[in-house]
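1. Can you look at this prediction? I've put the sequence above it.
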Amino acid sequence: MSTARIYKPTKTAMQSGTAKTKEWVLDYEPEQPRVVEPLMGWTSSSDMKQQLNLRFDTKDEAIAYCEQRGIPYQVAEPKAAARRGMAYADNFAFARREPWSH
């Protein structure tokens, strides 16, 4: 039986906000490697669990789902985002790190 991975997705490079990062996601580790189809060059797999992607509101719901069904799982805790506080006036400060470019 393959191991389930429970994690909180990070925002994509195209996102400025935190939409779709509040839920916890459960997906399965691949049981078989992917195979390149020789004629067309497409990558395929006969492992159907790779297509399964479940979303839960809380981490506890995802863990309860795995324990209820006897699925081995591992939880990846999210890392806190490093935020640097900066005021708008700091853009025009005399002692900026970068020289003014305009």
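-> It's in.
2. Whichever strand or helix holds residue 27 pairs with which strands, and in what direction?
-> In this assignment (DSSP states H and E), residue 27 forms part of strand 24-28. Looking at strand 24-28 with DSSP bridges, its partner strands are strand 4-7 (antiparallel), strand 53-56 (antiparallel).
3. Give the other helices and strands that the helix or strand just after the last one contacts.
-> Using DSSP H and E, the helix or strand that follows strand 53-56 towards the C-terminus is helix 59-69. Contact analysis of helix 59-69 by 3 or more C-beta pairs under 8 Å, 6 or more residues apart in numbering; DSSP states H and E lists strand 4-7, strand 24-28, strand 53-56, strand 73-76 as its packing neighbours. From N, CA and C alone the C-beta is placed, and that goes for glycine too.
4. Please compute how far the last one lies from its chain's middle.
-> The chain centre lies 13 Å from the centre of strand 73-76; the measure is C-alpha atoms, centre = their mean, to the nearest Å.
5. Also stretch 20-30?
-> 7 Å.
6. Over to stretch 66-78?
-> 16 Å.
7. How about that stretch, which residues are buried there?
-> Of all the residues in stretch 66-78, those buried under the rule 16 or more other C-beta atoms under 10 Å are residue 66.
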